[in-house]
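Student: starting from these lines, generate the structure:
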Amino acid sequence: MANPTGYPELDALLPRLDAIPSLEVDALASELIAVLGRKNGALTEALKSVASLPMDQRKGYGAAVNGLKASFEAAFAARRESLDTDRQRQEAAGVDLTMPARRRWVGSEHPVTRVVDEIVEIFRGIGFTVAVGPEVETDWYNFTALNFPEDHPAMDMHDTLYVDAPPVAGEQGGRLLLRTHTSPVQIRAMLESAPPVRVIIPGLVYRNDPFDASHAPAFSQIEGLAVDEGISFVDLKATLIHFAHRFFSSSTKVRFRPSFFPFTEPSAEMDVECQLCHGSGCPACKGTGWMEILGCGMVHPAVFEHSGIDAERYTGWAFGMGPHRIAMLRYGVPDIRLLYEGDMRFLEQFVPGGRRGSGARPERSEGAAGQG
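Tutor: I've put the predicted structure just below:
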């Protein structure tokens, strides 16, 4: 720390004097002008003020200003010499100071994360709350409570990843597994809360699938569940059409096709007009003009029975969709593996204002338990 001058307005400049040895070239030039500049430099103004002081104060104050000025000039000169020495040393070592600086990359939300957040917010806006559950489940929650028969192919070891560990005490029995869909959270939500129930359920699920252009062994899924008195398939269709119009566009066409899922009856697949060809037919939609995005249906009475809900009094509906599939559809991504690789050359396209891909090929969906 430089020695005080005894004048508060001059001592206020001492921290700036002490900081000079750490300044780089541009900052050093700016500070030189700010302190010693001919027009508005801090010490230049101080020297100008000497003439307005009483005669008995001018000598002492002027000497203090000149002494501080000399200290600043010496510090600036020493720092310039130090920077010149560093530059010469770098040039001698072969460092090219004329090369442009490295470009700063700007991070962004992953496209799947963005899709999940947007879908959740759409349903929160119409009264749904977010529910989550464990990723390691018992087969009672994952299959039995959802009305899967014991010989259902999805329960085979080739599709489900089982965990070699005993179930947690107090949970419904059965073998432990990595959940194959987020539907077990529907059971947990109905066991924990009496109707009415309206929940949106995002989360990761796992299947023993090959990692190819349209499948992954771990992927995101979003499900919705609504249970109350008097709920019908009309309410289900109206809600999902509202979602499609909010997420894609108000002019997006929607259709429902009959399907089958063990935990809903009746069941349906929901398609939206292909967002790439707008219904005219293209390779992405296999020439149909439509892309399947989710499975849905009315909750099966057997599911209500396992959840302790009176199926004679209450009805409900559920749906499930894969955010990876939705992201591929929205952003025109041709291969699901691109969403997992973390390649910044690909992901930087989704920075706000960036470019979008093209030529999407949608991923398989499996209805309310569809792949994401």
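Student: can you give me the helices in the stretch 251-372 of the chain?
Tutor: With DSSP state H, counting those that start in this stretch applied, the stretch 251-372 of the chain shows helices at 301-307, 323-331, 344-347, listed in chain order.
Student: turn those helices into CSV, including mean pLDDT.
Tutor: Shown next, in CSV, are the helices of the stretch 251-372 of the chain (pLDDT from 0 to 100):
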stretch, mean pLDDT
helix 301-307, 94
helix 323-331, 83
helix 344-347, 80
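Student: any idea how far residue 202 is from residue 113?
Tutor: Applying Cβ to Cβ, to the nearest Å, the value for residue 113 to residue 202 is 10 Å. Bear in mind the C-beta positions are built from the backbone N, C-alpha and C, glycine included.
Student: typo on my end, it should be residue 323
Tutor: With Cβ to Cβ as the criterion, residue 323 and residue 202 are 8 Å apart.
Student: quick check: neighbours shared by these two?
Tutor: 116, 119, 220-222 (Cβ atoms under 8 Å, 6 or more residues apart in numbering).
Student: which of those residues tops the neighbour count?
Tutor: residue 221 (27 neighbours; other Cβ atoms under 10 Å).
Student: just checking, it touches residue 180?
Tutor: No - judged on Cβ atoms under 8 Å, residue 221 makes no contact with residue 180 at a distance of 9.5 Å.
Student: now residue 148: how far from residue 265?
Tutor: From residue 148 to residue 265 the distance is 13 Å (Cβ to Cβ).
Student: between these two, which is the more surrounded one?
Tutor: residue 148 (20 against 15).
Student: run a quick neighbour tally on the nearest residue to that one once chain neighbours are set aside.
Tutor: The shortest distance from residue 148 to any non-neighbouring residue, by Cβ to Cβ, 6 or more residues apart in numbering, is to residue 262 (4.9 Å). By other Cβ under 10 Å, 19 other residues sit near residue 262.
Student: show me what contacts residue 262?
Tutor: Residue 262 touches 146-149, 152, 300, counting by Cβ under 8 Å, 6+ apart.
Student: please name the bridge partners of residue 268.
Tutor: residue 258, residue 296 (DSSP bridges).
Student: actually residue 319, not the one I typed
Tutor: Counting by DSSP bridges, the residues bridging with residue 319 are residue 224, residue 296.
Student: point out where the protein drops to low pLDDT.
Tutor: 1-2, 95, 97, 105-107, 154-158, 213-214, 284, 351-372 (pLDDT under 70).
Student: okay, domains of it per the record?
Tutor: Using automatic domain parsing, the domain parsing of the chain gives 8-92, 111-369.
Student: mind listing what's buried along stretch 98-113?
Tutor: Using 16 or more other Cβ atoms under 10 Å as the test for burial, stretch 98-113 gives 108, 111-112.
Student: so which of these is the closest to residue 210?
Tutor: Of all those, residue 210 sits closest to residue 112, with 19.6 Å by Cβ to Cβ.
Student: return the distance of that closest one relative to residue 287.
Tutor: For residue 112, the distance to residue 287 equals 27 Å [Cβ to Cβ].
Student: what strand or helix carries residue 127?
Tutor: Assigned by DSSP states H and E, residue 127 belongs to no helix or strand.
Student: give the burial count for it, as a bare number.
Tutor: Count around residue 127 with other Cβ under 10 Å applied: 9.
Student: in which helix or strand does the nearest residue to it once chain neighbours are set aside reside?
Tutor: Nearest non-adjacent residue to residue 127, counting by Cβ to Cβ, 6+ apart: residue 198, 5.5 Å away. Using DSSP H and E, residue 198 maps to strand 197-206.
Student: and that strand, which strands flank it?
Tutor: By DSSP bridges, strand 197-206 pairs with strand 129-130 (parallel), strand 218-228 (antiparallel).
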